[in-house]
Structure formats: C-alpha cells, structure tokens
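Visitor: sequence and predicted structure below; questions after.
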Amino acid sequence: MPYKDRQKERERQRRRDNQRKRWKAPIRWEKSKARAARWRAAHREAVNAQAAARYAIKRGRLVRGVCVECGMAKVHAHHEDYSKPLEVVWLCSQHHRRRHMDEQP
Ligand SMILES: [Zn+2]
Ligand SMILES: [Zn+2]
C-alpha cells in the first residue's frame, strides 16, 4: 500500500474512533443519571426523615441529645425507621457511619 493511502487509512480510523467515543458518551451519561435517580428514590425516605427531624429540632419538638455510644455532643439524627422521622437515635459522625456499615454486610 502506498504511503499516502496508509496515512489516509489511519486518518479514517481515527475519525471512526472519535465517532465511537462521541456515541458512547451519552449512553454512559444516561446510565449515571439512572443510577442517581435510583439512589434518590432509595434515599428519599431518609432525606425526608432528616428534614423532618431538623425541622422538629428547630421547633423544639425534638431535643438533640448526645451520642448513645460515646456521649459526644456533636451528633447526627439516625433513623432506625424512616417512617418514624421523630424517632431518632443520636450518634456522632463516627458511630453513625459505623451503624450504617453494620446494616449492609
Ligand atoms: Zn459516638
Ligand atoms: Zn443514620
């Protein structure tokens, strides 16, 4: 194959590759969008419960406690049951994380 043709062939190949990349990109994006939607649906209850607890604290209906594990004053409101947003377990960030890690083996 003459040198010029070889170069043209390579040029064509590169354009094809670029095209393939462009085609792939939106698909990947769609996938991550679907994943984000799934995550939101799964966590909607959690997010709602957090918001309800925060609101209750602000209104004085819920009193912030200390971490039930270590007594730390800086706590998160942890929900054992998201359908009961005012039933919270007070946990510091460390023990909160640990509590959630225990949930998912
Ligand atoms: Zn703690
Ligand atoms: Zn939690």
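Guide: Nice, I can see it. Computed from a predicted structure; not experimentally measured. Numbers count the residues shown, from 1 in each chain. Ligands and ions are numbered 1, 2, ... in the order given.

Visitor: in this structure, where is pLDDT below threshold?
Guide: Of all residues in the chain, those with pLDDT under 70 make up the ranges 1, 22-29, 104-105.

Visitor: flag every residue of it that's near ligand 1.
Guide: Taking Cβ under 5 Å from the ion as the criterion, the neighbours of ligand 1 within the chain are 67, 69-70, 72, 92, 95. In short, each C-beta sits where N, CA and C put it, glycine included.

Visitor: sort out which of those are in helices and list them.
Guide: With DSSP state H as the criterion, helices contain His95 from among the residues of the chain next to ligand 1.

Visitor: CSV for the residues of the chain next to ligand 1, including distance to Gln19?
Guide: Below are these laid out as CSV (distance: Cβ to Cβ, whole Å):
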residue, distance to Gln19
Cys67, 56
Glu69, 56
Cys70, 57
Met72, 56
Cys92, 53
His95, 52
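
Visitor: okay if I get the residues of the chain next to ligand 1 as JSON lines plus neighbour count?
Guide: Written out in JSON lines, the entries for those read as follows (neighbours: other Cβ atoms under 10 Å):
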{"residue": "Cys67", "neighbour count": "20"}
{"residue": "Glu69", "neighbour count": "15"}
{"residue": "Cys70", "neighbour count": "11"}
{"residue": "Met72", "neighbour count": "15"}
{"residue": "Cys92", "neighbour count": "19"}
{"residue": "His95", "neighbour count": "19"}
